[in-house]
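A.B. asks: All I have is the shape, not the residue letters:
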Ligand code: SF4
């Protein structure tokens, strides 16, 4: 895949910007694929260098995907918080005996999916903890239950960690397992469980999690079988800027082979309720400048490979999200309707944003809102505010996960 050159006049004319940064941005503008060393220099950008990087990334975004900021109307369904994996950055997973351990029945998951469909959602994002007693075909059966009830709903489900667990539990070869899930209607896979794709860092974050090479193997196999995935990176904890660059370049190399990533989503670490922060020496998440740096860096390094760069409003909050949407990002992610994982780790940015609120926020920075499908087909462009007043009250009430039932051993 050739890296498209962009208009050379788009290099920001920041006089104070160090020559070294200007040279790298010129190289990127002329279509050169940036190296690890060049990425590392951008990853350290501060002051006027960071300003130039942000302006350039925003220009790249405009030339690559235009003026719209997209979002998807979706609902998160986290079917259980019971998990044996024990990631140190996770505030969500619980032991099976915890007072607040919960599990949802198939009927409840389907009810939530149907409720979302009736309120305009086109996607459910389904992920959960990993209980030890999970039935081998649990993921297939849950997917089947949703698709039978609402055939047109896009099911974006089961992280590579869950796919790996399903493979282990069933004893099926990976490709057969993925083929079975695709045949049952799996629309796409969240590229979560990536954290930082380096086993040295992963050992600190979660020694029980699948190794980086297995994550790559599962994602690559999914792409080759025609199942798209997202890609993610968690930053702001124990990692170094060199880890960001290595991680992003690895994703770029996968995308050049498969073309299967729909987007890249940088995920800022939420530290409050995590062991990694309390005992593991992690930083307390990223500050605003670091968020901008990571998003702008990703736009520049992934140019010519992954077109869509998403902000996670649940982790960043709206103010920082809007700043990142002016630093290379072009997608606001989903309305969610409920969100448990970041909230459990201490995030306070809410569980649900209505499409009307999304549109108002997008317009507040002079951009055009557009609703998309999971795979970035545009459903509707809201280019005339008079037809869609930005002040319309939210149509959808907050949907709280208050019908969770206490987990009992053997529930799955
Ligand atoms: S991040 Fe996922 S796999 Fe890790 S402990 Fe939390 S729920 Fe379990």
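C.D. replies: Cool, the structure landed. Because the structure is predicted, anything quoted here is derived from the model rather than measured.

A.B. asks: Enumerate the residues of the stretch 201-350 of the chain near the ligand.
C.D. replies: Contact residues, the stretch 201-350 of the chain versus the ligand (Cβ under 6 Å from any ligand atom): residue 206. Backbone N, C-alpha and C define where each C-beta goes, glycine included.

A.B. asks: could you pull out the helices for the stretch 201-350 of the chain?
C.D. replies: 212-224, 241-258, 275-278, 288-301, 313-316, 318-324, 341-344 (DSSP state H, counting those that start in this stretch).

A.B. asks: Identify all contacting residues around the first one.
C.D. replies: In other words, helix 212-224. 160, 163-164, 174-175, 178, 189, 191, 193-194, 197-199, 202, 210, 228-229, 231, 250, 254, 257-261 (Cβ atoms under 8 Å, 6 or more residues apart in numbering).

A.B. asks: Try it again at 7 Å.
C.D. replies: With contact meaning Cβ atoms under 7 Å, 6 or more residues apart in numbering, helix 212-224 is reached by 160, 163-164, 174-175, 178, 189, 191, 193-194, 197-199, 202, 229, 254, 258, 260.

A.B. asks: ok, now stretch 363-379?
C.D. replies: Contact with stretch 363-379 is made by 67-73, 122-123, 154, 156, 187-188, 228, 262, 308, 322, 325-326, 355, 358-359, 362, 380-383, 385, 390, as judged by Cβ under 7 Å, 6+ apart.

A.B. asks: Which ones among those map onto helices?
C.D. replies: Judged by DSSP state H, those include 322, 355, 358-359, 362 as members of helices.

A.B. asks: now the contacts of helix 212-224: which count as buried?
C.D. replies: 160, 163-164, 174, 178, 189, 191, 193-194, 197-198, 202, 229, 254, 258, 260 (16 or more other Cβ atoms under 10 Å).

A.B. asks: what's the farthest-apart pair in those residues?
C.D. replies: Maximum pairwise distance among those (Cβ to Cβ): 24.6 Å, between 178 and 198.

A.B. asks: Specify the local secondary structure of residue 151.
C.D. replies: coil (DSSP: H, G, I helix; E, B strand; the rest coil).

A.B. asks: need the contact list for it.
C.D. replies: No residues are in contact with residue 151 under the rule Cβ under 7 Å, 6+ apart.

A.B. asks: cool, and residue 380?
C.D. replies: Residues near residue 380 by Cβ under 7 Å, 6+ apart: 370-371.

A.B. asks: ok, so what distance separates it from the ligand?
C.D. replies: 34 Å (Cβ to the nearest ligand atom, to the nearest Å).

A.B. asks: beta partners of that residue?
C.D. replies: Taking DSSP bridges as the rule, residue 380 bridges to residue 371.

A.B. asks: Sounds good, over and out.
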